[in-house]
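Participant: for reference, the sequence and a predicted model appear below.
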Amino acid sequence: MQRETVPIKTLLLRIFVPAVVLVSMLLAIFVYNWLYNTIIDGFDRKLTTTSALTGALIDPVDHDQLMRAAFAKEASDMVEQSAPYLRNVLPIRRIRSKLDLTYLYSQAVGGSQDVTYILDGSEGDDHSPIGSEDDLSDMTMKGLYNAEAGRGIFVSPIEYQEQWGLLKTALAPVYGSDGHITATAGADVNISVIQVATQNTLFASALIGIGSILACLLVALTIVRRVAGPIEALKDDALKLATGDGHASSLAAGPREVASLRDALAALAEKMAQARASRETAAVRHENDADAALLLQEVRLNSDEIIMLTQRDGARIFWFSGGDQNVETVLASQSMVRLAQSFLKNPELAKHWRTLVDSDHGACLVMHDREQVIELVGNADVTVRCDGRELSLTPGFPIAFDAAVDAVRVAAGGYVSLAKGRM
């Protein structure tokens with residue numbers, strides 16, 4: 001059964017996309033928690049400062065007088081219209097309104113319930129008349145006792161109170177005329193106010209999470225494209241080499257490791273192309289050599305044999321092949337043999353030997369015996385042996401000889417005796 005192959009881009013995306021989503025979600029959660037804690041801390045500092053400021057603004061003498069009236073159950077309408085009450089409650093109302101607090105008040109421990117309210121900055125249905133009583137949670141009561149004992153300002157967590165709902169409270173001490181703590185100033189904020197702020201935080205966190213996902217996806221896609229693209233191109237090149245195509249593409253960019261593999265693959269492709277070209281050249285040469293050998297057997301002629309074309313005007317004219325043994329040189333040699341025979345039958349034709357000889361596949365050696373001069377006609381490197389001495393010939397530059405020339409060497413081959421010249 002053939003295994004299912006998955007493209008590398010798909011594999012990388014399977015890894016990167018879940019990682020991107022997970023990281024973005026964790027980042028959004030972290031941002032939300034950080035902003036939420038910052039908001040709560042801001043409310044804590046706001047409630048702490050406000051309750052402490054309220055406790056400091058309350059006049060001790062007036063507050064002692066109002067406490068006595070509250071515990072004596074005097075008529076609240078009359079007390080709240082008195083100068084001591086208004087003198088202290090009006091600043092509290094302005095502070096509560098400016099800071100957008102739910103409740104701002106003072107209270108004292110005692111009465112038929114846990115606490116008795118003295119001053120209340122709220123108005124309307126939320127207003128608690130002086131002398132009103134209320135039960136608080138155990139945690140709030142413990143914090144209130146600590147505040148009255150001088151152990152610092154108490155800030156409660158968000159907790160449910162039966163009469164007021166979910167609140168966050170801060171309690172600061174209120175001093176009496178004798179210099180001792182006699183009550184506490186409370187500042188409350190309703191959970192709805194906090195929820196508005198946290199909802200905005202949640203929305204901001206969601207936007208940050210979405211932005212993070214998009215940014216990370218963009219980065220992931222860029223990485224996938226930069227990594228997978230060169231690797232896929234490298235795979236295609238390897239497949240081309242496997243099918244016999246020695247061409248390897250050149251990529252403009254890619255990771256260093258991929259670039260190294262690409263260079264190695266390109267070098268291998270070049271070697272394969274060179275080897276294939278060498279094999280093809282060798283095959284062609286071998287075929288030509290085989291054809292030439294077969295042709296030589298058929299015509300019974302050596303390609304390096306020197307052919308005497310004609311003898312006239314005291315000069316002997318020899319033709320020889322100037323190249324390697326192949327079909328063309330063999331045919332050229334055979335043609336020159338036929339031409340020599342034609343010259344023998346028709347001496348007038350020999351006058352035009354320079355025009356009729358094959359100068360593409362050989363050259364002519366002209367030996368003027370009377371003048372003792374030898375010259376080369378054509379393009380070939382020729383060395384003659386004269387009485388044991390070697391003389392190099394160059395086309396267009398005749399040289400003199402003082403003894404019989406007995407052999408000729410063409411290019412880097414061996415000497416061939418003129419006595420073997422065929423006619």
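Facilitator: Nice, thanks for sending it over. Numbers count the residues shown, from 1 in each chain.
Participant: how about the helices in the stretch 1-150 of the chain?
Facilitator: Along the stretch 1-150 of the chain, counting by DSSP state H, counting those that start in this stretch, helices occupy 8-57, 60-71, 76-80, 83-99, 138-148.
Participant: what does the last one contact?
Facilitator: Okay, so that is helix 138-148. Helix 138-148 has contacts (Cβ atoms under 8 Å, 6 or more residues apart in numbering) with 107, 109, 114-115, 136, 152-157, 159, 161, 169, 171-173, 181-184. Just so you know, the C-beta spots here come from the backbone N, C-alpha and C atoms, and that holds for glycine as well.
Participant: then the shortest one?
Facilitator: Taking contacts as Cβ under 8 Å, 6+ apart, the residues outside helix 76-80 that touch it are Leu66, Ala69, Ala70, Tyr85, Leu86, Val89, Pro129, Ile130, Gly131, Ser132.
Participant: could I get those residues as JSON lines with neighbour count and distance to Phe318?
Facilitator: JSON lines is the format used below for the contacts of helix 76-80 (neighbours: other Cβ atoms under 10 Å; distance: Cβ to Cβ, whole Å):
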{"residue": "Leu66", "neighbour count": "27", "distance to Phe318": "147"}
{"residue": "Ala69", "neighbour count": "21", "distance to Phe318": "152"}
{"residue": "Ala70", "neighbour count": "24", "distance to Phe318": "148"}
{"residue": "Tyr85", "neighbour count": "22", "distance to Phe318": "146"}
{"residue": "Leu86", "neighbour count": "12", "distance to Phe318": "145"}
{"residue": "Val89", "neighbour count": "22", "distance to Phe318": "141"}
{"residue": "Pro129", "neighbour count": "13", "distance to Phe318": "145"}
{"residue": "Ile130", "neighbour count": "25", "distance to Phe318": "146"}
{"residue": "Gly131", "neighbour count": "21", "distance to Phe318": "148"}
{"residue": "Ser132", "neighbour count": "18", "distance to Phe318": "143"}
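Participant: hmm, back to that, buried subset of the contacts of helix 138-148 as a PyMOL selection?
Facilitator: Burial among these is assessed by 16 or more other Cβ atoms under 10 Å; the matching PyMOL selection reads:
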select buried, resi 107+114+115+136+153+154+155+156+161+169+171+172+173+182+183+184
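Participant: just the contacts of helix 138-148: which are in strands?
Facilitator: Among those, the ones falling in strands (DSSP state E) are 107, 109, 115, 154-155, 159, 161, 169, 171-173, 181-184.
Participant: that older thread, and of the helices of the stretch 1-150 of the chain, who's closest to Gly314?
Facilitator: Smallest distance to Gly314 across the helices of the stretch 1-150 of the chain (Cβ to Cβ): 84.7 Å, for helix 8-57.
Participant: okay, the angle between that closest one and helix 60-71?
Facilitator: Orientation check (axes from the mean of the first three to the mean of the last three Cα atoms, to 10 degrees): helix 8-57 against helix 60-71 gives 90 degrees.
Participant: picking up where we left off before, Pro398 is nearest to which of the helices of the stretch 1-150 of the chain?
Facilitator: The closest of the helices of the stretch 1-150 of the chain to Pro398 is helix 8-57. By Cβ to Cβ, the value is 74.7 Å.
Participant: going by residue numbers, what spans are strands in the stretch 201-350 of the chain?
Facilitator: Taking DSSP state E, counting those that start in this stretch as the criterion, the stretch 201-350 of the chain carries its strands at 307-312, 315-321.
Participant: deepest-packed of those strands, please.
Facilitator: Ranked by mean neighbour count, the strands of the stretch 201-350 of the chain are led by strand 315-321 with a mean of 23 (mean count of other Cβ atoms under 10 Å).
Participant: partner strands of it and their direction?
Facilitator: Strand pairing for strand 315-321, using DSSP bridges, gives strand 307-312 (antiparallel), strand 362-368 (antiparallel).
Participant: any low-confidence regions in the stretch 201-350 of the chain?
Facilitator: Low-confidence segments of the stretch 201-350 of the chain (pLDDT under 70): 201, 205, 224, 227-229, 234, 236-262, 265, 288-289, 291-304, 323-325.
Participant: returning to that earlier point: and which of the ones in strands among the contacts of helix 138-148 is nearest Ile40?
Facilitator: The closest of the ones in strands among the contacts of helix 138-148, once distances to Ile40 are taken by Cβ to Cβ, is Val155, at 9.9 Å.
Participant: okay, the closest one: pLDDT?
Facilitator: pLDDT, Val155: 92.
Participant: got a list of what it touches?
Facilitator: If a contact means Cβ under 8 Å, 6+ apart, then Val155 has Asp44, Leu47, Thr48, Gly143, Lys168, Thr169, Ala170 as its contacts.
Participant: by neighbour count, which of the residues you listed wins?
Facilitator: Of all the contacts of Val155, the highest neighbour tally under other Cβ atoms under 10 Å goes to Ala170, namely 28 neighbours.
Participant: partners of it in the sheet?
Facilitator: Legend: beta-bridge partners of Ala170 under DSSP bridges are Val155, Ala187.
Participant: list the contacts for Asn88?
Facilitator: Applying Cβ under 8 Å, 6+ apart to Asn88 gives the contacts Leu57, Ile58, Asp59, Asp62, His63, Leu66, Leu119.
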